[in-house]
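1. Here's a sequence, model it:
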Amino acid sequence: MTKKKTALVAFGGNALLKENERGTQKEQLKNAEKACKVLMPFIRKGYRLVIVHGNGPQVGNILIQMEEAVTKIPPFSLDTCVAMSQGSMGYMLERMMRNQLRRDEINLDILTIITEVLVDENDEAFIKPTKPVGPFFTRYRASMLEKDKKWVMIEDSGRGYRRVVPSPRPKEIVNLDAIMRLIEQDFLVIACGGGGVPVYKNKIGLYEGIEAVIDKDYTSALLASAIDADLFIILTNVERVALHFGKPEQKWLNVVTVDEMKEYFRQKHFPPGSMGPKVEAAIDYIERGGKEAIITSAEKLRESLDGLSGTRILSLNAVIT
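-> Alright, predicted model coming up:
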């Protein structure tokens, strides 16, 4: 019996909550339905599918809601907010995908895993937090939070003060065994939402949550490698990765080896705040033994699966064969 191939698809939280929208539940459900339709080609091609979603806008809104209600309801920690977004976004994606499968008369079950991801509490990211999260504060409120909660606050482009938190690298997916068992049983799995709930091991080896956010692209690469995914796809807002992006000499990349992509990365073609983490995640996946990574847009996903669009990153062995 031929073993089914596995594909892992990672997309940002803005796939469900777009910049020009208010972020209502109705809007996010509609966007979730569109996202699920985009993913159906994997099912039709016989792939086992694993979905990883971002959660930046959603966690930001949860933090704003908590700040508005801070005098009435005690706020939750950031790691719990990440878990909350995993549950709510997983539910929306799960329901929309289940309905899409029913329309297409495909018998496939789906499950969302509230996923914990281990980080190193001594990661250098904790020394100098850089990731802005949550609402904008007045200078007075920001100084209170710095004093009372020991938060690191920065002034953000004249719009007010925001909290910045660490973004450590993921070390291990705590729920990996459960995820793998579900994949083996042909479940469509939604996992590691928002990069995972950040946890660390205390001095006696027990897990504790930690105030941080993990880049979902790095966690996606780690998960894709751990489950031996045949295909790792990162969806973004452009059709392909480019050299000299936005400049007259811009050049789109179609098929490249991992060594070529590493050299382009070394030459700083990919900014840290945008394409950089996606390219680095694809390189990490290939270097851990991955077969093929594709970076493309949701609109071009179908063509990318047929080799007509997207940037395909391959190991040298894959290119030779």
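
2. And for residue 205, the neighbour number?
-> The number of residues packed near residue 205 is 6, by other C-beta atoms under 10 Å. Every C-beta, even on glycine, is put in place using the N, C-alpha and C of the backbone.

3. my bad, residue 181
-> 11.

4. now swap in residue 194 and tell me
-> Other residues near residue 194 come to 28 when the count uses other C-beta under 10 Å.

5. now swap in residue 125 and tell me
-> 19.

6. How about residue 80?
-> Neighbourhood size, residue 80 [other C-beta under 10 Å]: 14.

7. how about it, phi and psi?
-> Main-chain dihedrals, residue 80, degrees, to the nearest 10: phi -70, psi -30.

8. which residues sit in contact with the nearest residue to it once chain neighbours are set aside?
-> In space, and not counting its chain neighbours, residue 80 is closest to residue 209: 6.8 Å by C-beta to C-beta, 6 or more residues apart in numbering. Residue 209 sits next to 77, 79, 80, 197, 198, 199 when contact means C-beta atoms under 8 Å, 6 or more residues apart in numbering.

9. which among these gets closest to residue 269?
-> Residue 269 lies nearest to residue 198 out of these, by C-beta to C-beta, at 29.4 Å.

10. The closest one belongs to a helix?
-> No: using DSSP: H, G, I helix; E, B strand; the rest coil, the assignment for residue 198 is strand, not a helix.

11. partners of it in the sheet?
-> residue 117 (DSSP bridges).

12. and it, how many neighbours?
-> Neighbours of residue 198 (other C-beta under 10 Å): 27.

13. do residue 3 as well
-> The burial count assigned to residue 3 is 7, neighbours taken as other C-beta under 10 Å.

14. From here on, call the first residue 329.
-> Yep, numbering from 329; the last one is residue 331 now.

15. What helix or strand is it located in?
-> Assessed by DSSP states H and E, residue 331 sits outside every helix and strand.

16. same deal with residue 336?
-> Secondary structure from DSSP H and E places residue 336 in strand 334-339.

17. any idea how far the residue nearest to residue 408 lies from residue 404?
-> Going from residue 537 to residue 404 by C-beta to C-beta, to the nearest Å gives 10 Å.

18. now residue 442
-> With distances taken as C-beta to C-beta, residue 442 is found 14 Å from residue 404.

19. what does residue 444 give?
-> For residue 444, the distance to residue 404 (C-beta to C-beta) stands at 16 Å.

20. Give the residue from these two that has the larger number of neighbours.
-> Taking other C-beta under 10 Å, residue 444 and residue 404 do not tie; residue 444 has more neighbours (20 against 15).

21. neighbours around the closest residue to the more buried one other than its chain neighbours, how many?
-> In space, and not counting its chain neighbours, residue 444 is closest to residue 502: 4.0 Å by C-beta to C-beta, 6+ apart. Residue neighbour count, defined by other C-beta under 10 Å, stands at 15 for residue 502.

22. Now for residue 502: which residues touch it?
-> By C-beta under 8 Å, 6+ apart, residue 502 lies in contact with 443, 444, 445, 446, 527, 535.

23. let's see it at 7 Å
-> Taking C-beta atoms under 7 Å, 6 or more residues apart in numbering, we find residue 502 in contact with 444, 445, 446, 527, 535.

24. What about the fourth one, how many residues nearby?
-> The local packing of residue 527 (other C-beta under 10 Å) involves 20 other residues.

25. That one reaches residue 448, doesn't it?
-> No: if you go by C-beta atoms under 7 Å, residue 527 and residue 448 don't touch, sitting 11.1 Å apart.

26. Point to the helix or strand of this structure where mean pLDDT is at its lowest.
-> helix 644-648 (a mean of 58; mean pLDDT, DSSP states H and E).

27. measure the residue nearest the centre of the chain to residue 472 for me?
-> With the centre of the chain defined as its mean C-alpha position, the nearest residue by C-alpha atoms, centre = their mean is residue 544, 2.8 Å away. Residue 544 sits 31 Å away from residue 472, taking C-beta to C-beta as the criterion.

28. centre of the chain versus the next helix or strand after the strand holding residue 336, how much separation?
-> Using DSSP H and E, the next helix or strand after strand 334-339 towards the C-terminus is helix 353-372. Chain-centre distance of helix 353-372: 16 Å, with C-alpha atoms, centre = their mean, to the nearest Å.

29. Please work out which residues outside helix 353-372 touch it.
-> In contact with helix 353-372 (C-beta under 7 Å, 6+ apart) are residues 335, 337, 339, 343-346, 349, 377, 420-421, 424-425, 428, 432, 434, 436, 626, 629-630, 633.

30. Okay, residue 527 and residue 443: tell me how far apart.
-> Relative to residue 443, residue 527 is positioned 10 Å away (criterion: C-beta to C-beta).

31. mind checking the SS state of the residue of the chain most remote from its centre?
-> The C-alpha centroid of the chain is most remote from residue 468, which lies 33.7 Å away (C-alpha atoms, centre = their mean). Three-state assignment for residue 468 (three-state DSSP): helix.

32. secondary structure element for the closest residue to residue 521 other than its chain neighbours?
-> Once flanking residues are discounted, residue 521 sits nearest to residue 414: 3.8 Å by C-beta to C-beta, 6+ apart. Here residue 414, judged by DSSP H and E, is contained in helix 406-431.
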